[in-house]
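In: Next come a sequence and a model predicted from it.
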Amino acid sequence: MNTSATTSVDELEQVLGTPLPRVASKARAQLDAIDEQWIARSPFCLVVTSAADGTCDVSPKADPSGFVHALDAATLAVPERPGNRCADGYRNAVGGRATRGPAVTGQDRPCAGAT
């Protein structure tokens, strides 16, 4: 077992290898039709934001499938429900840097056309 610390990306790639091209290019600036179907069927997402000072917040959101709406290929609408009233993610979105999420996970049923 290697007990030395990994301190660079090069060292990390030596340990893990490099990702396949389809994995390395998975991040996109816009949603496609399969993304929109996945989002429409998901009952849960995580809204990830960062504040102006660089601190981050992850807010779980859940409701019946279809609660998140794609307004266009780059904008999602996530409803707010009564909760702890901290509004960390909203404070970050209006007073900090760009919103980073949501990361949508899970589905009630398989998405048509997904492999």
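Out: That came through, no problem.

In: which residues of the chain score low on pLDDT?
Out: Applying pLDDT under 70 to the chain flags the ranges 1-2, 96-115.

In: can you give me the helices for it?
Out: Taking DSSP state H as the test, the helices found in the chain are 9-16, 21-24, 33-41, 88-95.

In: Need the contact partners of the last one.
Out: By C-beta atoms under 8 Å, 6 or more residues apart in numbering, the residues outside helix 88-95 that reach it are 47, 49, 50, 51, 52, 57, 59, 80, 99. All C-beta spots, glycine's among them, are computed from the backbone N, C-alpha and C.

In: And those, which of them are buried?
Out: For the contacts of helix 88-95, a neighbour count by 16 or more other C-beta atoms under 10 Å gives the buried set as 47, 49, 50, 51, 57, 59, 99.

In: if we take those residues, which one ends up nearest to residue 66?
Out: residue 47 (16.7 Å; C-beta to C-beta).

In: these two touch, right, that closest one and residue 59?
Out: Yes - with contact defined as C-beta atoms under 8 Å, residue 47 reaches residue 59; the gap is 4.7 Å.
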